[in-house]
Structure formats: structure tokens, C-alpha cells
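In: pasting the structure only:
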């Protein structure tokens, strides 16, 4: 079996809060920008994974 077929798709960081902060422009639940939220479904998994460190940084700064 190929390794790629064994991998799970990257899940969404959405927490169902879905409110954009007026100051930062980031969602108050998942800390993604409006553009990142819109693009999520079409982003390759590698791009999704590369966003998680930034999301954690944004959360820590909130």
C-alpha cells in the first residue's frame, strides 16, 4: 500500500466560533484570516499544515 493513501486529510482548525476580530481580521475561534478560511477547502494538505504554526502564534498573541 502506498504511504500517501495511508495518510489522513488535514482537518480544519475551525472551532465553530466564526467571528472575525475587527482589529486583527482573524477569526476569534481558529485565528485564520477571511482569505485563509475561504481557501481552506482547496489548499493542499502541505499548505494547510504550514499554517498551523502561524495559527498557534496568533492565538498566543491574542
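Out: That came in fine, so what should we check first? Because the structure is predicted, anything quoted here is derived from the model rather than measured.
In: name the SS class of the residue sitting nearest the centre point of the chain, please.
Out: In the chain, the centroid-proximal residue (Cα atoms, centre = their mean) is residue 13; its distance is 4.9 Å. Classification of residue 13 using DSSP: H, G, I helix; E, B strand; the rest coil returns coil.
In: does it touch residue 26 like I think?
Out: No: in this structure, residue 13 is not within contact of residue 26 by Cβ atoms under 8 Å, at 11.4 Å. All C-beta atoms are positioned from the backbone trio N, CA, C, and that covers glycine.
In: report the set of residues contacting both of the two.
Out: Common contact partners of residue 13 and residue 26 (Cβ atoms under 8 Å, 6 or more residues apart in numbering): residue 32.
In: which parts of the longest helix along the chain are buried?
Out: Ranked by residue count and defined by DSSP state H, the top helix of the chain is helix 45-61. Using 16 or more other Cβ atoms under 10 Å as the test for burial, helix 45-61 gives 48, 51, 55, 58.
In: return the distance of it from the chain's centre.
Out: Here helix 45-61 is found 6 Å from its chain centre; the criterion is Cα atoms, centre = their mean, to the nearest Å.
In: can you check stretch 44-52 too?
Out: For stretch 44-52, the distance from its own C-alpha centre to the chain's C-alpha centre is 8 Å (Cα atoms, centre = their mean).
In: and if you look at stretch 23-41?
Out: 7 Å.
In: surely residue 27 and residue 37 touch.
Out: Yes: with contact defined as Cβ under 8 Å, residue 27 and residue 37 form a contacting pair (6.5 Å).
In: more crowded one of those two?
Out: Legend: neighbour count by other Cβ atoms under 10 Å for residue 27 and residue 37, higher for residue 27 (22 against 17).
In: which phi and psi does that one have?
Out: Note on residue 27: backbone dihedrals following degrees, to the nearest 10 are phi -60, psi 140.
In: give the closest residue to it in space, chain neighbours not counted.
Out: Excluding its sequence neighbours, the residue lying closest to residue 27 (Cβ to Cβ, 6 or more residues apart in numbering) is residue 20, at 5.8 Å.
In: pretty sure the one you found sits against residue 29.
Out: No: checked against Cβ under 8 Å, the pair residue 20 and residue 29 is beyond contact range at 9.9 Å.
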